[in-house]
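# give the three-dimensional model of this entry:
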Amino acid sequence: MKTLPLALAVTAFAVLATGCNSTSSRYAASSDDDEYVYVVDWQKVYLVEKAAREGNANVDTVWINYPKKRVKKSDLASKQ
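Just a heads-up that it's a prediction; the model follows:
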């Protein structure tokens, strides 16, 4: 009797996991984006952390996902 709820839970997890895996990504490359890459926007990171340090509120910034910006591959190669 206990195996039926377990089997249903495993099946539901498998269906949800494959559904999440098949969704398109925001940063997925397409034919239009072949010449662009996404890199961390360090200038924005600096500005946000500076504002957090200098502001009146006692704020700690914890980055889960750094802000990204779209850059041409040729511009990125010339900067390095």
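# report the distance from the host helix or strand of Val48 to the chain centre.
Assigned by DSSP states H and E, Val48 belongs to helix 42-54. Distance of helix 42-54 from the chain centroid (CA atoms, centre = their mean, to the nearest Å) equals 19 Å.
# for this protein, which residue is closest to the average position?
Compute the mean C-alpha point of the chain, and by CA atoms, centre = their mean the closest residue is Asn65, 5.5 Å away.
# by mean pLDDT, flag the weakest helix or strand of the chain.
For the chain, counting by mean pLDDT, DSSP states H and E, helix 3-21 ranks last in confidence among helices and strands (a mean of 69).
# could you say what helices and strands the next helix or strand after that one packs with?
Of the helices and strands lying after helix 3-21 in sequence (DSSP H and E), the nearest is strand 36-40. Identification of packing neighbours for strand 36-40 by 3 or more CB pairs under 8 Å, 6 or more residues apart in numbering; DSSP states H and E yields strand 68-72, helix 73-79. The C-beta positions use only the backbone N, C-alpha and C, and glycine is treated the same way.
# rank these by mean pLDDT and give me the bottom one.
Mean pLDDT is lowest for helix 73-79 out of the helices and strands packed on strand 36-40, coming in at a mean of 79.
# residues in contact with that one?
Here helix 73-79 makes contact (CB atoms under 8 Å, 6 or more residues apart in numbering) with Glu35, Tyr36, Val37, Val39.
# so for the first one, what's the pLDDT?
Per-residue confidence for Glu35 comes out at a pLDDT of 89.
# tell me who's in contact with it.
Glu35 sits next to Lys72, Lys73, Ser74 when contact means CB under 8 Å, 6+ apart.
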